[in-house]
Every structure is written in C-alpha cells, then in structure tokens.
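Got a predicted structure here, sequence first:
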Amino acid sequence: MRGEGAPPADTDGDVCARVEALADSWRGRAARAERERTLPRETVDELLGTGLLSLAAPARHGGPGSGWPTLAEAARRAARACPSTGWTIGVVGGHAALAGRLSPEASELLFAKGVRQVFSTASAPADGRITRVPGGFEVAGRWRFCSAVDHATWVVLNGWCQSPSTPERVLVPLRADQVRVEDGWHVSGMSATGSKNIGVDSVFVAEALVTPVDACFGERWPNASGPTSGAGPGTGSGTGSGTGSGAEFGAADYLGGVPFLHYMNSLVIGPLMGCAEGAFDHYAASLSARDGGRSRALDDPLVQDALTESAAELACARHLYDSVCATLHSAGVGRRALTAREGAVISRDRAYLARLCVRAVQRLVQLAGTAAHHDASALARHWRDLQMMAAHRDVSWALNFPAYAALTIESGGAATVDSGAPGRDSAVPAVAEAHR
C-alpha cells in the first residue's frame with residue numbers, strides 16, 4: 001500500500017518526508033507504546049521537534065499555516081507505522097487550529113510559549129460542570145477521552161455552561177497542571193493514544209478565556225475583517241470580525257477562518273486510512289517466502305483473491321479520502337463555507353471510507369487465522385486499532401448517512417447531487433453539536 005497512490009494535491013512534500021524519515025522508529029516502538037498505553041516520550045519529542053504537532057497552528061502565532069491535506073496526509077503516513085502516532089499527529093495536532101480559534105485572549109495565552117506544544121481536548125463530560133460565576137466560570141468534575149493528555153501542555157474542555165440564562169456550550173482552556181489525569185484507559189485498541197480521563201478540582205477561569213462553541217466553529221477570521229475579493233489567489237467573499245485584511249493570510253492558512261466543523265470532524269480519516277494500509281502491508285509481508293524460495297501464497301487462490309479484493313477496497317477508500325481532502329482544501333483556499341451538499345457528501349464519504357477499511361482488513365485477519373490475534377502480531381495491533389478508530393462518532397454510518405439521504409430525497413435524486421455547486425443549501429439543517 002505504501003507504494004500505491006500519490007498524496008493528495010496541495011500536500012507539502014517536505015512534511016511527508018519528515019514523517020517517512022521517522023516512520024521506522026515509530027514502527028519499532030509501536031508494540032511498546034501499546035503496552036505502556038501512551039506514546040513514548042522520545043516519539044513525542046520527535047513530533048514536537050520536527051513540527052509535526054504544529055502543522056495546523058496558525059501563521060499569526062508562528063505556525064506554518066499548513067492546509068488540511070498536509071495534516072491529513074502526515075497522519076495517514078505515520079499511522080501506517082504506528083496508528084496511535086498517526087492519531088496524535090492528525091487529531092491531537094489538529095487541536096492547534098482549534099486553539100487558534102479560541103477567543104483572542106485565550107489563543108494569545110495558549111501560544112505564548114510558541115506553537116510546539118501538545119493541545120489535548122476533552123469533549124465528553126462524565127460529571128464535569130462548567131458554571132458561570134461573577135467574572136468568569138468555575139470548572140469542576142471529570143471529562144473522558146483526552147488523547148495524549150500525559151504529554152499535554154494545555155487541555156481544552158468542551159461542555160455545557162450552567163447559568164441562569166440560556167445554556168450554552170463553551171470551550172474552556174486549562175493548563176495541564178490544573179487537571180488531574182485519571183488512568184481509566186484500558187481498551188482493546190488505540191491504547192497508545194493514552195486517551196485517559198481528567199479530573200478538575202474547582203478551577204476559576206476568567207470570562208475572556210472562555211469561547212462559545214458556536215463562535216469557535218463558525219466563520220471567523222482572527223485579526224482580520226474577513227476575506228477580501230480580488231486580493232489574490234485563495235481569497236473570496238465573506239465576513240468576519242476584527243480589523244485588518246483577509247489578504248494577510250497565506251493561501252493555505254485558512255483553518256483559523258473557515259467554518260470549522262467538517263474540518264474537525266474529518267481529522268480521523270488520515271489515521272484510519274493509514275492504519276488500514278499498514279495492516280495490509282503487514283499481511284502482504286507475511287506472505288513472502290522467508291528462505292528465498294517460492295511463496296506458498298502463489299499457489300493459493302483463496303489468499304490471492306482475498307488480497308486482491310482488499311487492495312481494491314482500500315483503493316476505493318483512497319479515492320474517497322482524496323475527495324474529502326480536495327473538497328475541504330478547495331473551500332478553504334476559497335475562503336468560503338462548505339455548501340450543505342458538500343457537507344453531506346463529506347459526511348457520507350468519511351463514514352463509507354471507514355466501512356471499506358474495516359472490511360478490507362477484516363478479510364485479511366480472517367484469512368490469517370489465529371496467528372492474526374496474537375498480542376505480538378503487527379497485523380493484530382493494526383486490526384485492534386482500526387476497530388477502535390472506526391467506532392468514532394465522526395465515521396459512524398448511522399450518524400452520517402441521514403444528511404445525504406435527506407438531501408437526495410428532497411432534491412428528487414438529482415444526478416448532480418455530488419456537484420457541490422457554490423452557495424448555501426438549506427435542504428439540510430446545520431450540524432448543531434460540536435465535535436466530541
């Protein structure tokens with residue numbers, strides 16, 4: 001799989017080269033990372049030192065301002081070697097863009113020490129509470145699924161604010177020393193992400209540092225009046241807040257300004273795609289003759305049939321992956337929101353991509369028999385990790401098919417339903433709940 005298919009257009013080749021240079025090291029540590037249920041410190045140091053965790057950091061804070069395809073492709077290539085490392089690059093690294101979309105006071109604080117930090121998020125409250133108090137908010141309780149929290153500099157909590165007025169979902173940044181890591185991450189897959197619970201013991205956070213989720217995920221051009229027409233490639237029409245010109249943003253530096261929900265919800269596809277490709281590579285390598293003779297697989301039509309069908313499914317998944325990357329990047333450089341049609345197609349495609357990846361690898365695992373379920377098996381590790389990734393709500397078929405189905409039915413099954421013509425489409429209601 002590593003030799004098949006070109007990276008998506010507009011991918012930074014230097015970033016891909018950095019990943020490939022470290023891939024063997026990550027592959028060699030993958031079993032250890034799974035046992036320890038967190039990434040090794042040396043892996044995190046490599047990710048920070050090479051800038052692979054700050055690809056999504058905004059240029060105005062010193063980041064590279066990379067486009068979305070570069071972030072996704074870096075995660076995909078890393079996940080072929082170690083799925084949890086790929087997850088950390090793509091999903092945890094994507095939080096750098098989220099940090100830049102917080103209130104001006106919050107983003108300045110989070111990036112005060114530079115961009116090479118680990119921004120974890122916790123979006124699933126267990127009994128976590130955010131309560132409005134004079135001058136700000138009081139935070140207390142527990143949140144779940146905080147990936148890479150062992151190495152975090154900051155943790156951004158997502159939860160409903162309890163207040164006398166209308167409840168509001170907000171994002172609250174806390175320093176890592178303001179949270180307590182609770183080790184409840186005993187799972188069958190993705191162990192090395194270290195997605196542990198965190199506890200907070202009554203911390204006060206000033207109002208200026210708390211950002212409403214709708215404001216964070218909506219269209220916003222920080223320190224700029226928004227895109228300006230005629231300002232050069234990658235600009236377009238739109239509105240924003242603040243002062244300045246949208247032209248100050250580089251062509252790929254759009255993750256801080258465009259409506260962000262579909263970008264955030266699609267971060268999982270890079271690690272997922274790479275995890276499946278890595279599983280395929282491990283299975284194919286197991287078929288090679290070990291003594292320089294003829295491989296027995298060359299005389300087994302069942303093995304050849306399964307290998308070829310799984311390769312075809314992964315090739316189809318790569319087309320969906322490329323399409324999602326292209327649509328998100330095109331909207332980003334155009335400084336525009338996705339249409340409802342584009343959003344529905346992206347939601348459908350990322351969920352079906354997950355289905356294809358799971359089917360392709362499951363076939364190989366079944367064919368490999370009991371050997372594929374041994375703890376030490378690299379194929380088994382990728383299979384465990386893939387199933388956990390595919391359980392994520394952002395690639396759930398049940399949660400993602402309704403928008404596309406509604407669009408198709410209401411449009412009368414128009415053949416152009418995937419065309420994504422410019423302009424907002426009211427046929428599908430906006431997604432109300434933020435990424436979790």
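Nice, I can see it.

Make sure residue 110 is actually in contact with residue 173.
Yes: using CB atoms under 8 Å, residue 110 is in contact with residue 173, at 5.9 Å. To be clear about C-beta, it is placed using only N, CA and C from the backbone, and glycine gets the same treatment.

Common neighbours of these two, please.
99, 102, 154 (CB atoms under 8 Å, 6 or more residues apart in numbering).

of all these, which comes closest to residue 70?
Among those, residue 99 lies closest to residue 70 (CB to CB), at 17.8 Å.

that older thread, could you identify the buried members of the shared contacts of residue 110 and residue 173?
99, 102, 154 (16 or more other CB atoms under 10 Å).

Quick check: the spatially most central residue of the chain vs residue 151, distance?
The chain has residue 267 as the residue nearest its centroid, 2.1 Å off, counting by CA atoms, centre = their mean. According to CB to CB, to the nearest Å, residue 267 stands 18 Å off from residue 151.

and stretch 115-134, average pLDDT?
Mean per-residue pLDDT for stretch 115-134: 94.

distance between the ends of it?
Using CA to CA, to the nearest Å, one end of stretch 115-134 lies 32 Å from the other.

Buried ones in that stretch, by neighbour count?
115-125, 128-130, 132.

what do you get for stretch 42-52?
43, 44, 46, 47, 48, 50, 51, 52.

Just the C-alphas of that stretch, formatted as PDB.
Below are the C-alpha coordinates for stretch 42-52, written out as PDB (Å, rounded to 0.1, in the frame of the first residue of the first chain):
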ATOM      1  CA  GLU A  42      11.000  10.100  22.600                       C
ATOM      2  CA  THR A  43       8.200   9.900  20.000                       C
ATOM      3  CA  VAL A  44       6.500  13.000  21.400                       C
ATOM      4  CA  ASP A  45       9.900  14.800  21.400                       C
ATOM      5  CA  GLU A  46      10.300  13.900  17.700                       C
ATOM      6  CA  LEU A  47       6.800  15.100  16.900                       C
ATOM      7  CA  LEU A  48       7.400  18.400  18.600                       C
ATOM      8  CA  GLY A  49      11.000  18.800  17.400                       C
ATOM      9  CA  THR A  50      10.000  18.300  13.700                       C
ATOM     10  CA  GLY A  51       6.900  20.500  13.900                       C
ATOM     11  CA  LEU A  52       4.600  17.600  13.100                       C
END
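
Tell me which stretches of the stretch 201-350 of the chain form helices.
All helices of the stretch 201-350 of the chain, identified by DSSP state H, counting those that start in this stretch, fall at 213-217, 261-265, 269-286, 301-333, 340-368.

Throw the ones you listed into TSV and include mean pLDDT and mean neighbour count, thanks.
Shown next, in TSV, are these (pLDDT from 0 to 100; neighbours: other CB atoms under 10 Å):
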stretch	mean pLDDT	mean neighbour count
helix 213-217	95	19
helix 261-265	96	23
helix 269-286	96	27
helix 301-333	96	19
helix 340-368	96	22
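
Give me the residues contacting stretch 367-379.
30-31, 278-279, 282-283, 286, 302-303, 306, 364-366, 380, 383.

Which positions within stretch 284-294 qualify as buried?
residue 286.

got a pLDDT number for the residue lying farthest from the centre of the chain?
Centroid-distance maximum for the chain: residue 293 at 42.7 Å, with CA atoms, centre = their mean. pLDDT, residue 293: 70.

What about the buried ones among the shared contacts of residue 110 and residue 173, which are in strands?
By the criterion of DSSP state E, membership of those in strands covers residue 154.

tell me which of the buried ones among the shared contacts of residue 110 and residue 173 is nearest to residue 64?
Using CB to CB, these come closest to residue 64 at residue 99, 14.7 Å.

just to revisit the earlier point, make TSV out of the buried ones among the shared contacts of residue 110 and residue 173 and add distance to residue 85.
Formatted as TSV, these follow (distance: CB to CB, whole Å):
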residue	distance to residue 85
99	21
102	26
154	20
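
The closest residue in space to residue 33 that isn't next to it in sequence and residue 179, how far apart?
Once flanking residues are discounted, residue 33 sits nearest to residue 192: 3.6 Å by CB to CB, 6 or more residues apart in numbering. From residue 192 across to residue 179, the span is 20 Å (CB to CB).

out of those two, which sits in the busier spot?
Neighbours were counted for residue 192 and for residue 179 using other CB atoms under 10 Å; residue 192 has more, 29 against 25.

Kindly give the local confidence score, pLDDT, for that one.
96.

I'd guess it is in a helix, am I close?
Yes: counting by DSSP: H, G, I helix; E, B strand; the rest coil, residue 192 falls inside a helix.

My guess is it contacts residue 81. True?
No: in this structure, residue 192 is not within contact of residue 81 by CB under 8 Å, at 11.9 Å.

what is in contact with those two at once?
Residues touching both residue 192 and residue 81 (CB under 8 Å, 6+ apart) are residue 30.

thinking again about what came up before, just put the buried residues of stretch 42-52 in JSON lines and tack on secondary structure, distance to residue 298 and pLDDT.
JSON lines is the format used below for the buried residues of stretch 42-52 (DSSP: H, G, I helix; E, B strand; the rest coil; distance: CB to CB, whole Å; pLDDT from 0 to 100):
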{"residue": "43", "secondary structure": "helix", "distance to residue 298": "37", "pLDDT": "98"}
{"residue": "44", "secondary structure": "helix", "distance to residue 298": "42", "pLDDT": "98"}
{"residue": "46", "secondary structure": "helix", "distance to residue 298": "39", "pLDDT": "98"}
{"residue": "47", "secondary structure": "helix", "distance to residue 298": "40", "pLDDT": "98"}
{"residue": "48", "secondary structure": "helix", "distance to residue 298": "45", "pLDDT": "98"}
{"residue": "50", "secondary structure": "coil", "distance to residue 298": "40", "pLDDT": "97"}
{"residue": "51", "secondary structure": "coil", "distance to residue 298": "44", "pLDDT": "97"}
{"residue": "52", "secondary structure": "coil", "distance to residue 298": "39", "pLDDT": "98"}
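
Now compare these and name the two farthest from each other.
The widest separation within these (CB to CB) is 14.5 Å, between 43 and 51.

where do the strands sit along the protein?
119-122, 124-125, 129-133, 136-146, 154-162, 168-175, 180-182, 196-206, 211-212.
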